[in-house]
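Participant: I'll drop the sequence and a predicted model, then ask my questions.
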Amino acid sequence: MDVFLDSQLYMTVFWAIGFVVFLGLEIATATALVTIWLALGSFVAMFFAIAKLPFWIQCTVFVVVSAVLLIFTRPAVKKLLTKTNPTNFELDVGKSATVVETINNSAGEGRVTLNGTYWTARSQDGQIIEKDTIVTVVKVDGAKLIVK
């Protein structure tokens, strides 16, 4: 009977060490989100070892919990951690700009100033827009603002 209790204690320690090792690896590779699922699987399996369930059940629980967490939570967690910040040009859409050189798409002319920066500009509908007109940025196309 002591051998059985010792083996259960060893398995509890085994899963606890697995949890610590996988968690340590995850901390070492903080942005990868690779081993956190295995750490959580080890943590749950440790409780099955404490409950003195057979080793094959502990292993099954480890694999199932790790796989389920990986499949169902990794995409959501990864999406949360990889939020993209809009770039400057995406933030400029919808803002007002002042025409500093008449915009004529067919002549390839036109400049506006937006937030103190000069941009090449084209009108959205091809109309000529006179100097000193206030326009709205509708799109950024490379280094050109498309305005209306």
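Facilitator: Sure, I can see it. Numbering: from 1, shown residues only.
Participant: switch to C-alpha atoms for all contacts and neighbour counts from now on
Facilitator: Fine.
Participant: any low-confidence regions in the protein?
Facilitator: Across the chain, residues meeting the criterion (pLDDT under 70) sit at 1-6, 30-32, 80-91.
Participant: Helices along that one, start to end?
Facilitator: Per DSSP state H, the chain carries helices over the ranges 2-28, 36-50, 55-81, 88-92.
Participant: would you list those in CSV and tack on distance to residue 144 and mean neighbour count?
Facilitator: Supplementary listing: those in CSV, determined by distance: least, C-alpha to C-alpha, whole Å; neighbours: other C-alpha atoms under 10 Å:
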stretch, distance to residue 144, mean neighbour count
helix 2-28, 43, 16
helix 36-50, 45, 23
helix 55-81, 31, 15
helix 88-92, 10, 13
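Participant: can you put the ones you listed in a markdown table and add distance to residue 111?
Facilitator: Rendered in a markdown table, the data for these read as follows (distance: least, C-alpha to C-alpha, whole Å):
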| stretch | distance to residue 111 |
| --- | --- |
| helix 2-28 | 50 |
| helix 36-50 | 52 |
| helix 55-81 | 38 |
| helix 88-92 | 15 |
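Participant: give the contact list for residue 127.
Facilitator: Taking C-alpha atoms under 8 Å, 6 or more residues apart in numbering, we find residue 127 in contact with 104-105.
Participant: I'd like the distance between it and residue 96.
Facilitator: 18 Å (C-alpha to C-alpha, to the nearest Å).
Participant: what's the domain layout of this protein?
Facilitator: Per automatic domain parsing, the domain ranges recorded for the chain read 2-81, 88-147.
Participant: How far off centre is the shortest one?
Facilitator: Here the centre of domain 88-147 is set off from its chain's centre by 32 Å, with C-alpha atoms, centre = their mean, to the nearest Å.
Participant: picking that back up, quick one, which of the helices of the chain is nearest to residue 117?
Facilitator: The stretch from these with the least distance to residue 117 (C-alpha to C-alpha) is helix 88-92; that distance is 11.4 Å.
Participant: Give me the number of neighbouring residues for the residue nearest to residue 114 when sequence neighbours are not counted.
Facilitator: The spatially closest residue to residue 114, leaving aside those adjacent along the chain, is residue 97, at 4.8 Å (C-alpha to C-alpha, 6 or more residues apart in numbering). If you count neighbours by other C-alpha atoms under 10 Å, residue 97 ends up with 26.
Participant: ok, now residue 29?
Facilitator: A count of neighbours around residue 29, defined by other C-alpha under 10 Å, yields 12.
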